[in-house]
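Trainee: Kindly return the folded structure for what I paste below:
(one chain, ligands or ions: 1)
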Amino acid sequence: MSQQVVTRFAPSPTGYLHIGGARTALFNWLFARGHGGKFLLRIEDTDRARSTPEATQAILDGLAWLGLDHDGDVISQFERADRHRAVALEMLAADKAYKCYATQDEIQTFRDTARAEGKSTLFQSPWRDASPDMHPKDAPYVIRIKAPREGSTVIHDKVQGDVTIRNDQLDDMVLLRGDGNPVYMLAVAVDDHDMGVTHVIRGDDHLNNAARQMMIYTAMGWPLPVYAHIPLIHGPDGKKLSKRHGALGVEEYQKMGYPAAGIRNYLARLGWGHGDDEFFSDEQAKAWFELEGIGKAPARLDFKKLENLCGQHIAAMPDAAVLHELSEFLAVTGQPALSAEKLALFSEAMYCLKERAKTFPELLDKAQFIMVDRPIQPDEKAAAHLDSVSRGILSELTPQLQNARWKRDDLEALANQFAEDHGTKFGKLAGPLRAALAGRSATPSVFDMMLVLGRDESIARLTDAASGGS
Ligand code: GLU
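Mentor: Model prediction:
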């Protein structure tokens with residue numbers, strides 16, 4: 001049996017969950033879930049000055065909203081510092097690392113001299129091969145790895161291909177600082193190893209780190225994970241994504257009312273592809289996702305495409321799921337929750353609301369006829385449809401509707417007959433009817449609204465409009 005796939009998402013909690021981070025998490029989640037593996041979550045909170053609990057919470061909330069569930073406990077990198085230290089000491093004992101007593105001044109002098117002589121300025125410590133009895137007593141030291149000086153390190157990257165880095169470009173990096181604290185690079189390698197991570201899928205800004213992390217694996221005799229460094233996301237203009245391009249944090253997408261399934265689908269397509277497939281379900285994405293399908297070029301954000309996919313997902317979602325996510329949308333945007341009565345109407349109307357709504361605000365807009373209560377205040381456009389002529393028409397039509405069977409065919413037939421009797425088309429009646437039923441001029445079809453509202457409420461609204469204002 002082949003080894004179980006283990007992936008991880010390892011964000012630094014220094015801000016919101018970035019859209020790029022969300023895509024990295026999604027790729028790791030898809031890959032793990034599609035291979036019957038595990039998707040782990042590690043918070044890289046070793047930078048105490050920049051890490052905040054609020055940022056950790058924002059990341060957890062963002063992942064939860066996106067539906068990217070992780071396995072096991074959330075791991076805090078900071079809390080594992082003792083283990084990182086222990087590994088450094090193990091490497092020291094195995095002669096894979098050494099104590100370096102060089103002072104900052106000495107390192108600077110080394111660099112200045114090397115520069116003047118036109119040589120590499122990468123520090124080469126005189127302590128690398130010094131015998132322990134040469135070590136000064138009580139002097140501060142750092143622990144450095146004994147990096148290979150000859151040859152090269154090749155990262156067999158699933159996205160970038162083979163990336164070769166000459167070992168003379170890599171210095172004896174510090175593993176433990178003078179204060180005994182582990183460096184970030186050590187923490188990542190140790191954690192990935194201990195967590196059993198088999199595939200490291202992350203942004204290509206970490207490609208150079210891979211060579212350094214591999215040195216630690218090699219020194220410890222650990223099997224290497226598979227690396228896949230994915231290109232960053234660019235703005236629609238092809239430039240590096242920045243604030244200027246608009247929403248960066250996933251919570252902003254939630255607040256704009258995009259459904260999470262649409263975001264997942266869109267982010268999956270951002271830099272990865274399965275033939276020409278644009279719209280797909282999570283199940284399909286999990287089954288199809290392979291590292292080989294990840295493109296090498298930076299992907300560009302395309303809001304049109306995002307909206308288009310979101311619309312298709314809203315239409316395809318089960319009604320209950322739409323209502324659930326709509327309620328969450330109302331909560332995060334500080335809007336009042338739907339009453340039980342409105343929820344029931346929403347459920348009934350869902351079939352005509354779901355079509356062509358790309359976001360929850362658009363869905364709510366279509367649902368305005370449910371949201372409003374009598375007496376309905378028409379907006380300006382709708383009010384223009386309720387002049388004295390149309391009110392006269394409504395007062396004539398309403399009693400006829402009152403006696404009709406409350407079925408689509410009957411209502412349609414009646415309205416068409418009424419229009420014909422008045423030498424006009426039903427289209428001419430639609431404006432006043434929409435205004436009366438919803439207080440709006442853009443609404444679902446008049447018959448859909450009447451069927452959802454029911455006879456009594458519809459007749460009451462039509463009667464209000466027929467008799468209303470001057
Ligand atoms: N903490 C790093 C970041 O947020 C990711 C490190 C990694 O994936 O190895 O960019």
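
Trainee: C-alpha only now, for contacts and for neighbours.
Mentor: Fine.

Trainee: which bits of the stretch 201-350 of the chain sit near the ligand?
Mentor: Arg202 (Cα under 6 Å from any ligand atom).

Trainee: one more time with 8 Å
Mentor: Listed as neighbours of the ligand in the stretch 201-350 of the chain under the rule Cα under 8 Å from any ligand atom: 201-203, 205-206.

Trainee: Disregarding flanking residues, what is the spatial nearest neighbour of Ile294?
Mentor: Trp272 (4.3 Å; Cα to Cα, 6 or more residues apart in numbering).

Trainee: Do I have it right that that neighbour meets Gly295?
Mentor: Yes - if you go by Cα atoms under 8 Å, Trp272 and Gly295 touch, sitting 5.9 Å apart.

Trainee: how deep is the residue nearest to His35 when sequence neighbours are not counted tucked in, by neighbour count?
Mentor: In this structure, His35 finds its nearest non-sequential neighbour in Val5, 6.5 Å apart by Cα to Cα, 6+ apart. Val5: 18 surrounding residues under other Cα atoms under 10 Å.

Trainee: Now do the same contact list for Val5.
Mentor: With contact taken as Cα atoms under 8 Å, 6 or more residues apart in numbering, Val5 is in contact with 32, 35-38, 197-199.

Trainee: The same query, at a cut-off of 7 Å, please.
Mentor: 32, 35, 37-38, 198 (Cα atoms under 7 Å, 6 or more residues apart in numbering).

Trainee: now, which of those lie within strands?
Mentor: Lys38 (DSSP state E).

Trainee: Pick out the most distant pair among the contacts of Val5.
Mentor: Farthest apart among these by Cα to Cα are His35 and Thr198. That separation is 11.9 Å.

Trainee: More neighbours: the two, which one.
Mentor: Set side by side, His35 and Thr198 show more neighbours around Thr198, with 21 against 16, by other Cα under 10 Å.

Trainee: Report the separation between the residue nearest to His35 and the ligand.
Mentor: 16 Å (Cα to the nearest ligand atom, to the nearest Å).

Trainee: What pLDDT is listed against that residue?
Mentor: In this prediction, Val5 carries a pLDDT score of 98.

Trainee: what does Met1 give?
Mentor: Each residue has a pLDDT score; the one for Met1 is 54.

Trainee: can you tell me which residues contact the residue of the stretch 1-150 of the chain at minimum distance from the ligand?
Mentor: Closest to the ligand within the stretch 1-150 of the chain is Pro11: 3.8 Å, counting by Cα to the nearest ligand atom. By Cα under 7 Å, 6+ apart, the contact list for Pro11 reads 42-44.

Trainee: residues from the stretch 1-150 of the chain in reach of the ligand?
Mentor: Within the stretch 1-150 of the chain, the positions lying close to the ligand (Cα under 8 Å from any ligand atom) are 8-13, 21, 43-44.

Trainee: Most neighbours among those, please name it.
Mentor: For these, neighbours tallied by other Cα under 10 Å; top is Arg8, 27 neighbours.

Trainee: how about the nearest residue to it, chain neighbours excluded?
Mentor: Leu40 (4.4 Å).

Trainee: Measure how buried the one you found is and give me the count.
Mentor: Neighbours around Leu40, by other Cα under 10 Å: 24.

Trainee: For Leu451, see how far away it is.
Mentor: Applying Cα to Cα, to the nearest Å, the value for Leu40 to Leu451 is 49 Å.

Trainee: Now do the contacts for the residue of the stretch 251-400 of the chain found nearest the ligand.
Mentor: The stretch 251-400 of the chain approaches the ligand most closely through Leu291 (15.8 Å), counting by Cα to the nearest ligand atom. By Cα under 7 Å, 6+ apart, Leu291 lies in contact with 158-159.

Trainee: hmm, 8 Å instead?
Mentor: Applying Cα under 8 Å, 6+ apart, the residues contacting Leu291 are 31, 158-159, 228.

Trainee: quick one: which of these has the most company?
Mentor: Phe31 (26 neighbours).

Trainee: Tell me how far that one lies from Gly118.
Mentor: According to Cα to Cα, Phe31 stands 47 Å off from Gly118.

Trainee: Ok, Ala466 next?
Mentor: 91 Å.

Trainee: just Asp171 next, same as before
Mentor: Counting by Cα to Cα, the gap from Asp171 to Gly118 is 17 Å.

Trainee: Check Glu150 too.
Mentor: Separation of Glu150 from Gly118 (Cα to Cα) stands at 20 Å.

Trainee: can you check Leu41 too?
Mentor: 45 Å.

Trainee: more neighbours, those two?
Mentor: Leu41 (22 against 9).

Trainee: from what I can see that one touches Leu68, true?
Mentor: No - Leu41 is beyond contact range of Leu68, at 10.2 Å (criterion: Cα under 8 Å).

Trainee: where does whichever residue of the stretch 101-250 of the chain sits closest to the ligand land in three-state SS?
Mentor: In the stretch 101-250 of the chain, the residue that lies nearest the ligand is Arg202 (5.0 Å; Cα to the nearest ligand atom). Here Arg202 is strand, with the state taken from DSSP: H, G, I helix; E, B strand; the rest coil.

Trainee: tell me the contacts of the spatially closest residue to it that is not a sequence neighbour?
Mentor: The spatially closest residue to Arg202, leaving aside those adjacent along the chain, is His229, at 5.2 Å (Cα to Cα, 6+ apart). With contact taken as Cα under 8 Å, 6+ apart, His229 is in contact with 157-160, 200-207.

Trainee: Now, of the residues you listed, which are buried?
Mentor: 157-160, 200-204, 207 (16 or more other Cα atoms under 10 Å).

Trainee: what would those residues look like in TSV with pLDDT?
Mentor: Listed next are those as TSV, based on pLDDT from 0 to 100:
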residue	pLDDT
Asp157	98
Lys158	98
Val159	98
Gln160	97
Val200	98
Ile201	98
Arg202	98
Gly203	96
Asp204	95
Leu207	96
